[in-house]
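Enquirer: A predicted structure for the sequence below; I have some questions about it.
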Amino acid sequence: MEFWDQEQQAYPLQNVCSGPRPQHTCPFHKTVMEKTTDVLPLAMNSSEKQETVCIFGTGDFGQSLGLEMLQCGYSIVFGSRNPRMSGLLPNGAEVLSYSEAAQKSDIIIIAIHREHYDFLTELTEVLNGKILVDVSNNLKIKQYPESNAEYLAQLVPGAHVVKAFNTISAWALQSRALDASRQVFVCGNDSKAKQRVMDIVRSLGLTPLDKGSLMAANEIENYPLQLFTMWKFPFYLSAVLCVFFFFYCVIREVIYPYVYEKKDRTFRLAISIPNRVFPIAALTLLALVYLPGVIAAILQLYRGTKYRRFPDWLDHWMLCRKQLGLIALGFAFLHVLYTLVIPIRYYVRWTWTNRTIAQAIAKKGSPFSTSTAWLSDSYVAMGMLGFFLFVLLGITSLPSVSNMVNWREFRFVQSKLGYLTLILCTAHTLVYGGKRFLSPSSLIWYLPSAYVIALIIPCTVLVIKFILILPCIDKTLTRIREGWERNPKFSESALNGKTDI
Amino acid sequence: MEFWDQEQQAYPLQNVCSGPRPQHTCPFHKTVMEKTTDVLPLAMNSSEKQETVCIFGTGDFGQSLGLEMLQCGYSIVFGSRNPRMSGLLPNGAEVLSYSEAAQKSDIIIIAIHREHYDFLTELTEVLNGKILVDVSNNLKIKQYPESNAEYLAQLVPGAHVVKAFNTISAWALQSRALDASRQVFVCGNDSKAKQRVMDIVRSLGLTPLDKGSLMAANEIENYPLQLFTMWKFPFYLSAVLCVFFFFYCVIREVIYPYVYEKKDRTFRLAISIPNRVFPIAALTLLALVYLPGVIAAILQLYRGTKYRRFPDWLDHWMLCRKQLGLIALGFAFLHVLYTLVIPIRYYVRWTWTNRTIAQAIAKKGSPFSTSTAWLSDSYVAMGMLGFFLFVLLGITSLPSVSNMVNWREFRFVQSKLGYLTLILCTAHTLVYGGKRFLSPSSLIWYLPSAYVIALIIPCTVLVIKFILILPCIDKTLTRIREGWERNPKFSESALNGKTDI
Amino acid sequence: MEFWDQEQQAYPLQNVCSGPRPQHTCPFHKTVMEKTTDVLPLAMNSSEKQETVCIFGTGDFGQSLGLEMLQCGYSIVFGSRNPRMSGLLPNGAEVLSYSEAAQKSDIIIIAIHREHYDFLTELTEVLNGKILVDVSNNLKIKQYPESNAEYLAQLVPGAHVVKAFNTISAWALQSRALDASRQVFVCGNDSKAKQRVMDIVRSLGLTPLDKGSLMAANEIENYPLQLFTMWKFPFYLSAVLCVFFFFYCVIREVIYPYVYEKKDRTFRLAISIPNRVFPIAALTLLALVYLPGVIAAILQLYRGTKYRRFPDWLDHWMLCRKQLGLIALGFAFLHVLYTLVIPIRYYVRWTWTNRTIAQAIAKKGSPFSTSTAWLSDSYVAMGMLGFFLFVLLGITSLPSVSNMVNWREFRFVQSKLGYLTLILCTAHTLVYGGKRFLSPSSLIWYLPSAYVIALIIPCTVLVIKFILILPCIDKTLTRIREGWERNPKFSESALNGKTDI
């Protein structure tokens, strides 16, 4: 259903026969330059001898790739089962039988589905010593025991197999959706072959990334199949949180008043209740970012060693802390927006106005309470500072930023700033509760206010954390993390630890 | 007029003769380390044999480059028309005639304007087999038929020409304006020569980017000449939009009341009217991001093939969708700011206060209307959610972020989230209109409210889009985009499509 | 004290003997793929002949590294002083004496503290021609005259020394804290040796960055020791600014009313006073970003040449302008937040309500003043526009964004937009002052309002800047910056300047 990129078309075959476009009028190349400086296509404005590349397979991807390469000054030979039949090919290109085509070039791009690789076995002697570029993808992860590229290498042992181009879709190639990643992962065992393929990638205005030997092919082939894998758990978790607290608040703030006071409070569904759910979700998720660290510390203290694996759930939890944190930041952002519009809302203004009118008619204003002023101001202030630090954390998690800080700086930001944020946000909620924290009046159908529940996890984390940084405990923990063991196998290892890194 | 970087100076020639600076006190190198981890200069604190590099030309750039290289431990020989005369050169450097200088090194940097290249023809036998680095830039795009580097390669066929350093200004080299891009595009036909030049680039604390063969030189030379080329059209478009709607609102809200009620409403020019213009511009531009996609889809359905070129205007439009979207985001951001300050504004507070006072004196508050509460809350809520998604879209368009997502994820974000944003923002405006949408009362001089006009394009896009995703139509479209044609040239191609990628 | 990453553990030694993990269930590799596309580990699912790597030293880092390499399919031989004693090693690994281990492989990773390098001298003939990878770090900058790697190269002249892995902590290696930078700086004099080490780095899912020859080792070794070095000065400066203005405001707004009117205004400490300090700090810091440029221009005009070094304090000041600007942006952001919550604060609402009530009781509202409306609206508007441009500046300073713009564009944004921001923010403050700018009534204990002091630096900068861009002065300055000198050493240099770049 995506229209953002799919509608974009290849430079039509008709206008290819008119030779390579004048470079500066070619929107594709121009933009490549302007958009991202690291994708810089090869211009076609000098009359050098053209390198010939052979493409097996005349499917959509094969055609798009051939088309782009033609326009970048390569001469293309297509290999096809029945050359005379494939009509849709770029006019610049030659179409021959597989074996004929193979002889024309020493680089052969295999744009064929893995299922049809077997016919290549007949061509082994022709393909011997040539560079085979595997561009294939699978339909699902772990579809085959070994990666397509490695399978290809087994079929044609004499050839140098290079994996490339699979992360770029036919659409991306044809289209000018240059905002998308134009990185092309390349891997292969023969470094010369790899180099030549990387040059072709570069010349197409894409960015090659050397991923080492052919063993990386499996990862590369799985890459395009993923859809926010690491985000799934955090996403569902936060969805559950939101739904639960939403209905919890609906019961307290809509159903209850309707049942007992026959008041229609449904309009609270739009802003008031979401603005209770968002901060709760944000605070809980933020606490869940730091909970696994605390649990891990306890585990290590209990086991007295760091050389024992954590349970898988803890491993996975640690892996998606960044995502949890970012989703929490999203909720915090929404909470800020929803809070700042309060004075604009009709309901709020109506309430304030009528209270004022009532007081005016009664000819008496309410006295000023300094303590209330303190409470209100300080919880707002803590909330804003917490949000500010939270945004800082979010910015440092941008890849380009985190690449700029070294390990010490990253740890400083993530742990110190992170905990400070958690403390501020928890305090923000605590002070918000203020006096009426657990006062029975705030109980509705024996249900406490939502924020009371929201405080459980953060407070737990902070308390345990506080215990953990008590000098005595902290010392043990640090030693464990430096490799010390309560009951090591050899007394020697300690000594080694001293002299070795 | 730019002072941000120009005032920064080279390490003065005087203090160069005192030998390379002690490394850790050198602000330049220190910062390079601290600022961006990927520019890491070569420190000069070991006494290895120095590589000699020759520089032709003693202009500003030649001097700056020579200076930097001297300080990074190279020994520099300048080639000059009249060696005895060029006095301003770094004291560490030797100055000889061109031919003498050329013999001293096998890397020669040509820091001379293209117009004066011709004298190199006399040196062909000296330059034979040497590496010539072309650092030149032109004054305007397409000034010459071929790139300077290729021209140089034709003049001195025996030499290995490498294009480099042209993206770095003399200021950048001397200055410590390290925030600017320090990427140096390098291209050349001889890979060994390229490697050596890239090592020099690295040793200067810059980041070399291999752009393939010398054919890329033309692109590289054009790169520094561009100034937000892709932004021009979106920028002017939004400027026109703003101006038009600004005056439209001025007529309705300033001139009209002045003419009929002799009221001075000029102060509305500061916030009220901009806060009508910004959201309208944002919504329109956002719709214009998705309009070309819809048009393209219709074109393809009409033609029954994807192998036909789109009209150029559509091509160009598609190319600057990202910029359109980002400008729209900017307007949305301003709209949010301008809306949130409403309760602080004197005018608003005065109005509210006086209404309250009037009611208080009349001893009767206005009754509470649930429907109004619903309307007000829901349109605010939709606006905020729309803005939130919009910000998400903006973040994913950051290069470092979009490099992290694969093609599927990028399409998901850009199309699904994008349309959701458009829907929310359009609904936001529709509900804002509420009842008084086209009521005659809101007509002034037969002019409808501005937001009514703003809704035309978004609604059109959404309606067509809705029709396009009807199963029947969508199926055809998808098939067309998979390469199917209503009247293909050969029945064969379909079959190929099946087995090939 | 950092728990964010430290608690994460290596895949325990126990489960290594069970051979390399099945690739897709390995959380580490999975995430590498999903998180950052440019760290792509080598998958272990094909049975190729394993490369043998030797590691000297069985400390924590040596173990972690060996462990990772084992899991990525290398066979590891540990070299140890007393092989029989070191028990904690990964079960897959062999442990031998140094000399025995060295013979098993031609790549030897020296995971030993520099102090113990000397024993390597005894192994010179064994290590001859082998690749020694120095992974060591020092405890503080400039601990030794030469870098560890160069020291190692001197000890074992026959070997090819490569510096690598020191930027990655043992924690980073073991842990899955993938958000942190996974860049590994590599440098060495032998390019083949460097290549092989970079392949190993890649195969571990890290990103190698070639930093040229071994002379870069010193920089690389210092890198992990830095902690926001460039941020220190801006940070302390802003801290001082905040403290000073905080107490300045406390005196005026808390102590004074308490002394004279016995009013308890302490609650203003939470929001009101910070909201005076933040904008002042932001404006001052922003002005300090542009002050050095102005000073430099004056210096150059005075000296009549650009070939003279600036005083060190000016150099350093220019170096941390980016940091100053970003901190200023932080304050501006806080100022915006603190301003937008004004109408929600209890104190503010109480004041407004009571004023309204008073007027209502007095049965007379205040008349509407157009000029006040103008003042209030315009200063708010200018503030918001200034903030908007400020945010733009901040975004362009993101490394991934500034890499996308060329030099001209960067200068345009930083200088033009920067000054526009400064002008808007200064005007914002000036208009805020409005009539009561220096009126004696606003003097308290002869102290003017804080914002008056805040205006001094910005106004100075803008005035000087305005003078500098007067055509006559600007012309001279530009010529100076193009290399012209008021009293050049040779009339020749001018001529050269013409023909050369």
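Expert: Arrived safely.

Enquirer: pLDDT averaged over the strand or helix carrying residue A:474 - what is it?
Expert: Assignment of secondary structure by DSSP states H and E places residue A:474 within helix A:471-481. Averaged over helix A:471-481, pLDDT sits at 86.

Enquirer: and for stretch A:338-358?
Expert: Stretch A:338-358 comes out at a mean pLDDT of 91.

Enquirer: what lies in contact with that stretch?
Expert: Defining contact as Cβ atoms under 8 Å, 6 or more residues apart in numbering or on different chains, one finds that stretch A:338-358 is touched by A:267, A:271-272, A:274-275, A:278, B:339-340, B:342-343, B:352, B:355-356, B:359-360, B:365-366, B:368, B:372-373, B:375-377, B:380-381, B:384, C:340-341, C:343-344, C:349, C:353, C:356-357, C:360. Placement of C-beta: from N, CA and C, glycine included.

Enquirer: buried ones only from those residues, please, as a ChimeraX command.
Expert: Remark: buried members of the contacts of stretch A:338-358, expressed as a ChimeraX selection using 16 or more other Cβ atoms under 10 Å in any protein chain shown:
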select /A:267,271,272,274,275,278 /B:339,340,342,343,352,356,359,360,365,372,373,375,376,377,380,381,384 /C:340,341,343,344,349,353,356,357,360
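
Enquirer: is it true that residue A:114 touches residue A:151?
Expert: Yes. Residue A:114 is within contact range of residue A:151, at 6.6 Å (criterion: Cβ atoms under 8 Å).

Enquirer: now stretch A:152-169: how far from the chain's centre is it?
Expert: For stretch A:152-169, the distance from its own C-alpha centre to the chain's C-alpha centre is 28 Å (Cα atoms, centre = their mean, to the nearest Å).

Enquirer: near chain B at all, it?
Expert: Yes. Using Cβ under 8 Å from any Cβ of the partner chain, stretch A:152-169 comes into contact with chain B via A:167, A:168, A:169.

Enquirer: next SSE after the helix or strand of chain A with the lowest mean pLDDT?
Expert: Least confident helix or strand, chain A: helix A:27-35 with a mean of 34, by mean pLDDT, DSSP states H and E. Once the chain leaves helix A:27-35, the next helix or strand it forms, by DSSP H and E, is strand A:52-56.

Enquirer: where are the low-confidence patches of the stretch 251-400 of chain A?
Expert: A:307 (pLDDT under 70).

Enquirer: all strands of chain A, in order?
Expert: Under the criterion DSSP state E, strands of chain A are mapped to A:52-56, A:75-80, A:94-97, A:107-110, A:131-134, A:160-163, A:183-188, A:207-210.

Enquirer: and the fifth one, C-alpha only, in CSV?
Expert: As requested, C-alpha coordinates have been extracted for strand A:131-134 and formatted as CSV (Å, rounded to 0.1, in the frame of the first residue of the first chain):
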residue,chain,number,x,y,z
ILE,A,131,33.1,-12.8,-10.1
LEU,A,132,29.6,-13.8,-9.3
VAL,A,133,27.5,-11.2,-7.5
ASP,A,134,24.6,-12.7,-5.5
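
Enquirer: list the contacts of it.
Expert: Applying Cβ under 8 Å, 6+ apart, the external contacts of strand A:131-134 come out as A:106-110, A:148-149, A:152, A:156, A:159-166, A:190, A:193, A:196-197, A:217.

Enquirer: and the residue of chain A that's closest to chain B?
Expert: Proximity of chain A to chain B (Cβ to the nearest Cβ) peaks at residue A:59, 2.9 Å away.

Enquirer: and the pLDDT at that residue?
Expert: Reported pLDDT for residue A:59: 78.

Enquirer: how many residues are close by it?
Expert: Neighbourhood size, residue A:59 [other Cβ atoms under 10 Å in any protein chain shown]: 24.

Enquirer: wait, isn't it in contact with residue A:111?
Expert: Yes. Between residue A:59 and residue A:111 a contact is recorded at 6.0 Å, counting by Cβ under 8 Å.

Enquirer: ok, for residue A:207, nearest residue in space, not its chain neighbours?
Expert: Among residues not flanking residue A:207 along the chain, residue A:183 sits closest, at 5.0 Å (Cβ to Cβ, 6 or more residues apart in numbering or on different chains).

Enquirer: how many other residues sit next to the one you found?
Expert: For residue A:183, using other Cβ under 10 Å, the count is 21.

Enquirer: that one and residue B:403 touch, don't they?
Expert: Yes. Between residue A:183 and residue B:403 a contact is recorded at 6.1 Å, counting by Cβ under 8 Å.

Enquirer: pretty sure residue A:96 sits against residue A:83.
Expert: Yes. Counting by Cβ under 8 Å, residue A:96 touches residue A:83, with 5.4 Å between them.

Enquirer: and the residue nearest to residue A:78 when sequence neighbours are not counted, how far from chain C?
Expert: Excluding the flanking residues, the one nearest residue A:78 by Cβ to Cβ, 6+ apart is residue A:95, at 4.5 Å. Separation of residue A:95 from chain C (Cβ to the nearest Cβ, to the nearest Å): 35 Å.

Enquirer: my guess is residue A:95 meets residue A:76, correct?
Expert: No. Under the criterion of Cβ under 8 Å, residue A:95 makes no contact with residue A:76, lying 9.5 Å away.

Enquirer: so between those two, which is more surrounded?
Expert: Each of residue A:95 and residue A:76 has its neighbours counted (other Cβ under 10 Å); residue A:76 has more, 27 against 21.

Enquirer: identify the residues contacting the more buried one.
Expert: A:52, A:53, A:54, A:55, A:66, A:69, A:70, A:90, A:92, A:93, A:94.

Enquirer: how about the helices in the stretch 351-500 of chain A?
Expert: Here the stretch 351-500 of chain A has its helices, by DSSP state H, counting those that start in this stretch, at A:370-396, A:399-402, A:407-411, A:418-433, A:450-454, A:456-468, A:471-481, A:492-499.

Enquirer: extract the C-alpha set from the second one and format it as PDB.
Expert: Extracted as PDB, the C-alpha positions of helix A:399-402 are listed here (Å, rounded to 0.1, in the frame of the first residue of the first chain):
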ATOM      1  CA  PRO A 399      23.800   7.300  16.200                       C
ATOM      2  CA  SER A 400      25.700  10.300  14.800                       C
ATOM      3  CA  VAL A 401      26.000  11.800  18.300                       C
ATOM      4  CA  SER A 402      26.800   8.600  20.200                       C
END
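
Enquirer: near chain C at all, it?
Expert: Yes. Contact check for helix A:399-402 against chain C, using Cβ under 8 Å from any Cβ: residues in range are A:399, A:400, A:401, A:402.

Enquirer: wait, the first one touches residue B:405, no?
Expert: No. Between residue A:399 and residue B:405 no contact is recorded; they are 11.0 Å apart, counting by Cβ under 8 Å.

Enquirer: spit out the residues that contact the two alike.
Expert: By Cβ under 8 Å, 6+ apart, no residue touches both residue A:399 and residue B:405.

Enquirer: for the nearest residue to residue A:222 once chain neighbours are set aside, phi and psi?
Expert: Counting by Cβ to Cβ, 6+ apart, residue A:222 lies nearest to residue A:141, which is 5.1 Å off, once chain neighbours are set aside. Torsion angles at residue A:141 (phi, psi; degrees, to the nearest 10) stand at phi -60, psi 140.

Enquirer: how many other residues sit next to residue A:141?
Expert: By other Cβ under 10 Å, the residues close to residue A:141 number 13.

Enquirer: can you pull out the low-pLDDT segments for the stretch 101-250 of chain A?
Expert: In the stretch 101-250 of chain A, residues with pLDDT under 70: A:171-181.
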